[in-house]
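In: sequence plus predicted model, see below.
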Amino acid sequence: MRYDTIIIGGGLSGLCCGISLARQGQQVAIVSAGQSALHFCSGSFELYGRCENPLEGIASLPKEHPYRKMGIELTASYAEQIKDIFEAAAVKCTGEATRNHYCLTPIGVIKPVWLTLNDYARFESPDRIPWRKVALVNFEGYLDFYPQFIASGLAKYGVKSDIHSLSLTAFDNLRESSTEMRATNIARIMTGEILEQIAAYLNSHAGDAEALFLPAAFGLFDDTAVAELRAMVSLPLFFIPTMPASVPGVRTQIQLKNYFQRIGGTYLLGDNVVSGEIENGRLKSVKTANHGNMTLSADNFVIASGSFFSHGLIASQESIREPIFGLDIYADRVREEWYDKDLYSHQAYMGYGVVTDNKFRCSIDGKCIENLYAAGSILAHQNALDEGTGGGVAITTALFVADEILRSR
Ligand SMILES: Cc1cc2nc3c(=O)[nH]c(=O)nc-3n(C[C@H](O)[C@H](O)[C@H](O)COP(=O)(O)OP(=O)(O)OC[C@H]3O[C@@H](n4cnc5c(N)ncnc54)[C@H](O)[C@@H]3O)c2cc1C
């Protein structure tokens with residue numbers, strides 16, 4: 001099978017890259033082993049979380065950082081372009097690259113972010129939360145949402161909370177096992193009559209609250225359930241991310257994948273790229289676990305297989321490696337330097353990844369592979385935790401690489 005471009009990894013980065021290429025007429029295949037970091041995403045994307053204006057903050061990052069390699073102007077341009085892709089894919093979110101807004105994390109921390117899905121609680125500044133009192137409503141037996149943490153997070157900024165627990169017989173089956181009572185399973189049954197029961201409860205229990213907050217367990221495939229519920233309640237209604245699995249993340253993944261397929265892309269889910277054939281400095285084809293000896297060929301390839309979390313990078317006792325091609329990576333050689341035992345300290349391993357040139361092309365033993373690009377969290381010299389850059393790097397480098405591929409023709 002032959003394509004213009006084959007992308008290894010169908011998370012946020014692989015999908016954004018694939019969509020950009022397919023929108024510009026390329027035949028693209030994405031091979032994706034399985035779940036991505038999006039399944040754990042909060043419903044907000046970070047561009048640079050350490051100052052008010054992310055684009056200004058980027059200037060202070062080291063020159064090897066993916067943003068600095070693209071330059072601030074291009075980073076800003078891709079941060080704007082993604083809005084059009086998200087809109088076409090029905091991923092409804094808002095935010096500006098020049099000014100972070102704030103969202104609530106599942107444990108009640110108020111954190112600066114770039115884009116937030118429209119159904120999620122967000123505010124311009126922690127000191128200007130628009131409600132004096134909110135109603136926090138959980139479902140009886142649901143253990144992945146902690147209203148008390150959220151209430152204490154809000155209390156730090158003078159917002160009072162009333163906590164409610166709503167019992168629904170519709171959850172009886174799910175409640176039989178705590179492993180079934182997860183946000184993604186709950187979201188599957190949030191339709192019709194159940195939404196009406198929830199709306200009736202909210203309308204009669206809101207008291208003097210000015211807004212209603214619920215766990216993000218609505219709208220797994222699109223935001224229909226969210227819109228229906230909002231239309232039935234009398235107060236502004238917002239969702240707060242839960243512990244994984246994340247409904248907003250899974251929804252985003254599904255919507256981007258569906259859009260990619262609608263515009264002609266091929267998405268091979270549940271398959272693993274295991275090796276590649278490199279000839280004269282170019283990657284000719286890859287082999288996958290499911291296709292056996294049948295190779296997948298393309299003019300260009302993108303590796304967007306993620307970091308350690310998605311097995312895009314593998315750490316053994318002795319070394320850290322990129323497992324498909326054995327690409328050059330940046331990592332400390334001595335294991336003791338990989339991590340700090342204090343969980344909250346700077347963790348060096350977060351900055352490890354594949355080494356690339358200024359076009360994000362990979363290399364083996366210092367030799368550039370001309371048609372193999374890397375995008376997203378597999379790239380070296382980013383530290384999403386220290387910088388608050390995870391989603392932004394995944395998105396902007398994906399769009400940059402797509403343009404580089406088109407320019408290379
Ligand atoms: C748990 C977690 C939560 C996060 N939450 C947020 C958040 O809320 N907001 C934010 O901005 N950032 C967040 N981040 C940062 C995150 O890294 C980026 O937002 C982004 O989702 C990374 O996308 P990616 O496509 O580069 O990698 P990934 O999402 O990791 O996707 C890589 C994909 O490649 C596939 N793959 C791996 N190896 C192979 C192979 N050999 N063959 C085929 N496929 C393969 C994997 O199965 C996976 O689907 C989070 C990161 C983690 C780890």
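Out: All right, it came through fine. Numbers count the residues shown, from 1 in each chain.

In: contacting residues around the closest residue to A151 other than its chain neighbours?
Out: Spatial nearest neighbour of A151, chain neighbours left out: S161 (3.8 Å); criterion: C-beta to C-beta, 6 or more residues apart in numbering. In this view, the C-beta of every residue, glycine as well, is placed from N, C-alpha and C. Neighbour list for S161: K133, V134, A135, L136, P147, I150, A151, L154, A155, F213 [criterion: C-beta atoms under 8 Å, 6 or more residues apart in numbering].

In: the fourth one belongs to a strand?
Out: Yes. Using DSSP: H, G, I helix; E, B strand; the rest coil, the secondary structure at L136 is a strand.

In: per-residue pLDDT, the residue lying closest to it once chain neighbours are set aside?
Out: Nearest residue to L136, sequence neighbours excluded (C-beta to C-beta, 6+ apart): P147, at 4.1 Å. The model reports P147 with a pLDDT of 95.

In: report how many residues lie close to P147.
Out: Look at P147: counted by other C-beta atoms under 10 Å, it has 21 neighbours.

In: next, the contact list for the nearest residue in space to V355 that is not next to it in sequence, please.
Out: Distance criterion C-beta to C-beta, 6+ apart; nearest residue to V355, sequence neighbours excluded, is D328 at 4.6 Å. Neighbouring residues of D328 by C-beta under 8 Å, 6+ apart: V354, V355, C362, S363, I364, D365, G366.

In: now, of those residues, which are buried?
Out: For these, a burial check counting by 16 or more other C-beta atoms under 10 Å picks out V354, V355, C362, S363.

In: surely the residue nearest to A151 forms part of a helix?
Out: No. Under three-state DSSP, S161 sits outside any helix and is assigned strand.

In: beta partners of it?
Out: According to DSSP bridges, V134 are recorded as the beta-bridge partners of S161.

In: quick one on the thing from earlier: quick check, nearest of the contacts of D328 to T5?
Out: When the contacts of D328 are compared for distance to T5 (C-beta to C-beta), C362 wins out at 14.6 Å.

In: helix or strand right after the lowest-mean-pLDDT helix or strand in the chain?
Out: Here the helix or strand of the chain ranked lowest by mean pLDDT, DSSP states H and E is helix 172-175, holding a mean of 78. Downstream of helix 172-175, the next assigned helix or strand under DSSP states H and E is helix 183-188.

In: does anything pack onto that following helix? Which helices or strands?
Out: Helix 183-188 is packed against helix 247-262, with contacts defined by 3 or more C-beta pairs under 8 Å, 6 or more residues apart in numbering; DSSP states H and E.

In: quick check: mean pLDDT across the helix it packs on?
Out: Mean pLDDT, computed over helix 247-262, is 97.

In: quick one: secondary structure of S152?
Out: Classification of S152 by three-state DSSP places it in helix.

In: for the spatially closest residue to it that is not a sequence neighbour, give me its contacts.
Out: Distances taken as C-beta to C-beta, 6+ apart put G108 closest to S152, at 6.0 Å, once the chain neighbours are dropped. Residues in contact with G108 (C-beta under 8 Å, 6+ apart) are Y146, F149, I150, A151, S152, G153, L154.

In: distance of the fourth one relative to K133?
Out: To K133, A151 is 11 Å away according to C-beta to C-beta, to the nearest Å.

In: ditto for the last one
Out: The gap separating L154 from K133 is 9 Å, by C-beta to C-beta.

In: same question, the second one
Out: Here the distance between F149 and K133 works out to 18 Å (C-beta to C-beta).

In: so where is this protein shaky, pLDDT-wise?
Out: For the chain, residues meeting the criterion pLDDT under 70 lie at 178.

In: residue numbers of it in contact with the ligand?
Out: Counting by C-beta under 6 Å from any ligand atom, the residues of the chain close to the ligand are 8-14, 31-34, 36-38, 40-42, 44-46, 272-273, 304-306, 309-312, 324, 376-377, 384, 390-391, 394.

In: tell me the SS of the nearest residue to M243 once chain neighbours are set aside?
Out: Counting by C-beta to C-beta, 6+ apart, D144 is the residue found nearest to M243 once chain neighbours are left out, at 4.0 Å. On the three-state scheme (three-state DSSP), D144 is labelled coil.

In: dump the residue contacts of D144.
Out: Contacts of D144 by C-beta under 8 Å, 6+ apart are P106, R182, A183, P215, T242, M243, P244.

In: tell me where the stretch 51-200 of the chain has strands.
Out: Ranges of strands within the stretch 51-200 of the chain are 93-94, 101-104, 110-113, 115-117, 122-123, 133-139, 160-166, based on DSSP state E, counting those that start in this stretch.

In: so what does the second one touch, helix or strand wise?
Out: Right, strand 101-104. When contacts are defined as 3+ C-beta pairs under 8 Å, 6+ apart, strand 101-104 packs onto strand 110-113, strand 122-123, helix 147-155.

In: cheers, nothing more for now.
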